[in-house]
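Colleague: Fold the following and give me the result.
(one chain, ligands or ions: 1)
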Amino acid sequence: MLELNGLDGFYGRSRALQSVSMDIDEGDFFSVLGRNGVGKTTLLRSVLGLMSRTSGSVKLDGMELNSLPTHARALAGIGYVPQGRGILPAFTVRENLMIGTFAAQSGQGEIADWVLELFPILKEFLNRRGGNLSGGQQQQLAIGRALLSQPKVLLLDEPTEGIQPNIVEQIEDVLIDLNRTRGLTIVLVEQNLTFARRASNRFAILDRGTVAVTSGIAQLSDDLVHEHLVV
Ligand SMILES: Nc1ncnc2c1ncn2[C@@H]1O[C@H](COP(=O)(O)OP(=O)(O)OP(=O)(O)O)[C@@H](O)[C@H]1O
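Modeller: Below you'll find the model as predicted:
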């Protein structure tokens, strides 16, 4: 469904992502793992077209996206929950959610009830400014906004980082449910191995900008963890 082939991502002249190839199938919950600074965020940004330069191929359902601008990739079906959430603090929860609907192919401009039911706190705080929500609530808002773009595949960059434990559990459960019940394809960048193991069926480990290992989650052995993930 999402095929990356020989993908490079550059910051100026520095190549932070080097010839990455990955095949993510429909219905996968695919975790991208690796130590700090190995290129996980760069990978997601390259898929979205947010880097100053990329080369290689990014295909979604066979359609080449790598020459398209970011908004066209969103419209094609790539949803994104960035590291740091990227919500607009001066806008209300409703307005932040509306932004997601603009990237939906149906172009309805409506906030679907099922998304508010996933995160009841958003429904309660629809008129509150995004900047007045807690970190965990902002993360729920960022996920809700991405879902309203009606993605075929949802990319998330460390969605539980720096969030209070009770909300972490809710967010993890929602993501697992979206994948298993709604069949949403998910690509998750994650440092939290317990969650990655619980949620994913497949994983890749990045090391210095390249794919070191890719396999089924049952193959994520302690040896691999020590070699590539433990600091
Ligand atoms: N804006 C930037 N300009 C130049 N180099 C950058 C920039 N952002 C990241 N890098 C470099 O690119 C490499 C990959 O960084 P990236 O943020 O993708 O790693 P990461 O695996 O997501 O790390 P983390 O887990 O800390 O978020 C690192 O060497 C980093 O220093």
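Colleague: Apart from its neighbours in sequence, what residue is nearest Leu148?
Modeller: Leaving aside its sequence neighbours, Leu148 sits nearest to Gly100 (Cβ to Cβ, 6 or more residues apart in numbering; 3.4 Å). In this view, the C-beta of every residue, glycine as well, is placed from N, C-alpha and C.
Colleague: Sticking with the one you found, tell me its helix or strand.
Modeller: For Gly100, the host element (DSSP states H and E) is helix 93-102.
Colleague: for Gln170, same thing?
Modeller: Going by DSSP H and E, Gln170 is in helix 165-180.
Colleague: Check Val211 too.
Modeller: Short version, using DSSP H and E: Val211 is in strand 210-216.
Colleague: For the helix or strand Val115 falls within, list every residue counted as buried.
Modeller: Using DSSP H and E, Val115 sits within helix 113-118. For helix 113-118, the neighbour count (16 or more other Cβ atoms under 10 Å) marks Val115, Leu116, Leu118 as buried.
Colleague: Next, the nearest residue to the second one once chain neighbours are set aside: phi, psi?
Modeller: Spatial nearest neighbour of Leu116, excluding adjacent residues (Cβ to Cβ, 6+ apart): Lys123 at 4.2 Å. Dihedral angles phi and psi of Lys123 (degrees, to the nearest 10) take the values phi -60, psi -40.
Colleague: And Ala112, by the same measure?
Modeller: phi -60, psi 140.
Colleague: Spit out the contact partners of it.
Modeller: Leu147, Leu148 (Cβ atoms under 8 Å, 6 or more residues apart in numbering).
Colleague: Distance-wise, check it relative to the ligand.
Modeller: Between Ala112 and the ligand the distance is 31 Å, computed by Cβ to the nearest ligand atom, to the nearest Å.
Colleague: which intervals of this protein have sub-threshold pLDDT?
Modeller: 107-108 (pLDDT under 70).
Colleague: What parts of it come near the ligand?
Modeller: Within reach of the ligand by Cβ under 6 Å from any ligand atom, the chain has these residues: Tyr11, Ser14, Ala16, Gly34, Asn36, Gly37, Val38, Gly39, Lys40, Thr41, Thr42.
Colleague: For the residue nearest to Leu148, which residues are in contact?
Modeller: Contacts of Gly100 (Cβ under 8 Å, 6+ apart): Gly144, Arg145, Ala146, Leu147, Leu148, Ser149.
Colleague: For the closest residue to the fourth one other than its chain neighbours, which residues are in contact?
Modeller: Nearest residue to Leu147 in three dimensions, chain neighbours excluded: Val115, at 5.1 Å (Cβ to Cβ, 6+ apart). Under the criterion of Cβ under 8 Å, 6+ apart, the contact list for Val115 reads Leu97, Leu122, Gly144, Leu147, Leu148.
Colleague: Is the second one located within a helix, as I assumed?
Modeller: Meaning Leu122. Yes. Counting by DSSP: H, G, I helix; E, B strand; the rest coil, Leu122 is found in a helix.
Colleague: wait, it sits on Gln140?
Modeller: Yes. At 6.1 Å, Leu122 counts as touching Gln140 under the criterion of Cβ atoms under 8 Å.
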